[in-house]
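>>> sequence and predicted structure below; questions after.
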Amino acid sequence: MSGHGDPQPMTSRRAAPLQGVAEIPGDKSISHRSLILGAMAVGETRISGLLEGEDVLRTAAAMRAFGAEVTQTGTGAWSVHGVGVGGFGEPEDVIDCGNAGTGVRLIMGAMATTDITTTFTGDASLRSRPMGRVTDPMALFGARAWGRSGGRLPMTIKGARDPIPVRYVVPMPSAQVKSAVLLAGLNAPGQTVVIETEATRDHTERMLAGFGAKVAVEDTEEGRAITLTGHPELNPQFIEVPRDPSSAAFPVAAALIVEGSDVLVPNIGLNPTRAGLYETLRDMGADLTYENAREEGGEPVADLRARYSPDMKGIEVPPDRAASMIDEYPILSVVASVAEGRTLMRGVKELRVKESDRIDAMAKGLRANGVAVDEGEDWWEVEGIGPLGVPGGATVMARLDHRIAMSFLCLGMAARDPVTVDDAAPIATSFPAFAPLMTGLGAVFTEGAA
């Protein structure tokens with residue numbers, strides 16, 4: 001079972017050249033944060049371009065449960081009347097976050113310094129993922145948590161009655177953990193300091209400053225230190241959500257590996273803490289260009305043009321780039337399988353605890369389709385076969401993971417024989433328009449097995 005109803009197999013077949021414009025939905029990370037900070041502001045925050053996938057809609061429902069007024073006013077257009085920092089009310093029922101790992105961890109942080117009790121759950125995939133990385137620092141503020149063994153959902157959190165500010169060194173590169181601590185720090189007195197030894201996506205810091213919080217960022221001997229002054233009054237905003245670079249990765253990658261393709265992907269957010277994949281693809285020799293570079297809402301944006309690139313070579317991806325492209329390694333491994341030579345990806349153990357063990361899922365699926373893969377606890381290596389060389393022909397297990405499903409559907413577009421994904425339903429959590437968008441460019445997807 002997918003956690004979304006009955007499994008929905010989907011098969012991808014070799015495609016003719018992909019052509020056209022790929023209109024990508026709004027950035028998921030920024031969409032989650034827009035709703036949460038809007039709910040913690042005083043007054044009306046208006047949002048345009050919000051991603052209306054299942055994950056983000058779960059966050060919208062959670063903010064309603066805490067007392068904010070959250071309404072859709074049009075396609076991608078939303079209004080949030082916030083309750084202020086510390087103004088969350090106690091939900092009447094369990095908060096079901098579905099498949100949203102980002103959503104549940106950020107919401108836990110946002111409520112952990114308010115004196116309310118909340119129980120969280122999710123689908124089968126989310127219930128298998130560790131939450132101790134968030135509840136441990138929340139305990140430093142004074143919150144308490146009770147969950148299943150291994151710190152897993154369902155979990156009940158009792159927010160701190162008298163929260164204290166904390167100084168926390170994030171033990172692993174994780175924007176979710178950093179953001180949860182900063183959101184908790186909003187309702188704590190004094191200054192909360194988060195130190196990360198490896199920089200991660202900085203949407204939370206940017207957005208907190210935009211809402212009027214006092215946030216200072218500096219490089220220290222310990223690492224990148226973010227200092228937040230507690231008890232601000234957050235001012236409502238108008239937020240234009242840039243388009244999601246993680247979702248854009250799929251039509252971009254497909255265009256690079258399908259013979260004769262030329263695809264334009266407009267208005268993509270290129271925050272340097274998120275754009276590692278595109279830098280890596282260009283290092284491999286991809287014909288990928290940035291057009292009309294500009295800034296929107298404090299975030300760098302550009303139009304991406306991707307053309308078929310038969311001369312791509314395998315590379316060793318710098319480990320320090322991992323945090324800026326952690327969600328894109330599955331689709332990178334698909335591109336690597338069609339490049340010439342080996343692509344080595346190191347420092348990626350975080351992939352073991354995503355929606356699935358993404359290293360294991362991609363390794364098994366690629367091997368089933370004729371691609372050689374070697375792997376370790378925090379690294380993996382793909383032996384590229386070159387353009388037109390991947391055999392395909394297998395059915396792979398998506399493991400309730402939207403990115404695994406989309407990655408293998410892209411592989412099928414360049415493989416000699418069709419590739420089937422056992423369940424494409426989880427794609428709706430982040431990119432509900434994926435199939436129609438890709439088929440509009442020229443992909444050949446069919447429901448069911450080959």
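Now that the structure is in, tell me what you want to look at.
>>> contacts, neighbours, all on C-alpha from now
Fine.
>>> confirm that Ser79 sits in a helix.
No. With DSSP: H, G, I helix; E, B strand; the rest coil as the criterion, Ser79 is assigned strand and is not in a helix.
>>> my read: Phe445 touches Ser12, true?
Yes. The pair Phe445 and Ser12 passes the contact test of Cα atoms under 8 Å, sitting 4.6 Å apart.
>>> what touches both of the two?
Here Phe445 and Ser12 share the contacting residues Leu409, scored by Cα atoms under 8 Å, 6 or more residues apart in numbering.
>>> between the two, which one's more packed in?
Just comparing Phe445 and Ser12: by other Cα atoms under 10 Å the higher neighbour count belongs to Ser12, 27 against 23.
>>> could you say which helix or strand contains the more buried one?
Using DSSP states H and E, Ser12 sits in strand 10-13.
>>> list the strands paired with that strand, with their directions.
Strands adjacent to strand 10-13 in the sheet, as given by DSSP bridges, are strand 419-421 (antiparallel), strand 444-447 (antiparallel).
>>> same list, the ones you listed, but as TSV with mean pLDDT please.
Output for the strands paired with strand 10-13, formatted as TSV (pLDDT from 0 to 100):
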stretch	mean pLDDT
strand 419-421	98
strand 444-447	97
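>>> any idea which of those strands is most buried?
Comparing the strands paired with strand 10-13 by mean neighbour count (mean count of other Cα atoms under 10 Å), strand 419-421 ranks first with a mean of 30.
>>> any chance you could list what contacts that one?
Among residues not part of strand 419-421, those counted as contacts by Cα under 8 Å, 6+ apart are 9-13, 369, 392-398, 405, 408-409, 411-412, 448-450.
>>> picking up where we left off before, and the strand holding Ser12, how far out from the chain middle?
Offset of strand 10-13 from its chain centre (Cα atoms, centre = their mean, to the nearest Å): 24 Å.
>>> can I get that strand as CSV, trimmed to CA atoms?
This file holds the C-alpha atoms of strand 10-13, laid out as CSV (Å, rounded to 0.1, in the frame of the first residue of the first chain):
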residue,chain,number,x,y,z
MET,A,10,3.2,3.7,-14.0
THR,A,11,5.5,2.8,-17.0
SER,A,12,7.8,5.2,-18.8
ARG,A,13,8.9,4.4,-22.4
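>>> next helix or strand past that strand?
strand 19-21.
>>> now do the helices in the chain.
For the chain, the helices defined by DSSP state H occupy 28-40, 54-65, 101-111, 124-127, 132-141, 175-185, 203-210, 245-257, 276-283, 329-338, 358-368, 402-414, 434-441.
>>> and of those helices, who's closest to Ala160?
Among the helices of the chain, the nearest to Ala160 by Cα to Cα is helix 132-141 (6.7 Å).
>>> buried residues of the closest one, list them for me.
Neighbour-count burial for helix 132-141 flags 132-135, 137-141 (criterion: 16 or more other Cα atoms under 10 Å).
>>> burial check on Thr220, number of neighbours?
10.
>>> let me know the pLDDT of it.
On pLDDT, Thr220 comes in at 95.
>>> the one 3 residues further on too?
Model confidence at Gly223, given as pLDDT, is 94.
>>> contact partners for the residue nearest to it when sequence neighbours are not counted?
In this structure, Gly223 finds its nearest non-sequential neighbour in Thr197, 4.4 Å apart by Cα to Cα, 6 or more residues apart in numbering. Neighbour list for Thr197: 169-170, 173, 222-224 [criterion: Cα under 8 Å, 6+ apart].
>>> could you do Ile326 as well?
Residues near Ile326 by Cα under 8 Å, 6+ apart: 348, 350-351.
>>> and with 10 Å instead?
Contact partners of Ile326, counting by Cα atoms under 10 Å, 6 or more residues apart in numbering, are 173-174, 200, 246, 274, 276-277, 347-351, 354.
>>> tell me the one of those nearest Met362?
Among the contacts of Ile326, Leu351 lies closest to Met362 (Cα to Cα), at 10.5 Å.
>>> just to check, the closest one is in contact with Asp378?
Yes. Contact status for Leu351 versus Asp378: in contact at 8.1 Å, counting by Cα atoms under 10 Å.
>>> make JSON lines out of the strands paired with strand 10-13 and add distance to Asp327.
Formatted as JSON lines, the strands paired with strand 10-13 follow (distance: least, Cα to Cα, whole Å):
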{"stretch": "strand 419-421", "distance to Asp327": "19"}
{"stretch": "strand 444-447", "distance to Asp327": "23"}
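>>> for Val263, which of the ones you listed is the nearest?
Of all the strands paired with strand 10-13, strand 444-447 sits nearest to Val263, with 16.0 Å by Cα to Cα.
>>> tell me how far the closest one is from the chain's mean position?
Distance of strand 444-447 from the chain centroid (Cα atoms, centre = their mean) equals 25 Å.
>>> and what of stretch 28-47?
Taking mean C-alpha positions (Cα atoms, centre = their mean), stretch 28-47 and its chain are 17 Å apart.
>>> same thing with stretch 314-333?
Using Cα atoms, centre = their mean, the offset of stretch 314-333 from its chain centre is 14 Å.
>>> in it, what's buried?
Those would be 314-315, 317, 321-333, for stretch 314-333 by 16+ other Cα under 10 Å.
>>> what's the answer for stretch 271-280, then?
The neighbour-count check on stretch 271-280 (16+ other Cα under 10 Å) flags 271, 273-278, 280 as buried.
>>> that's all I had, so thanks and see you.
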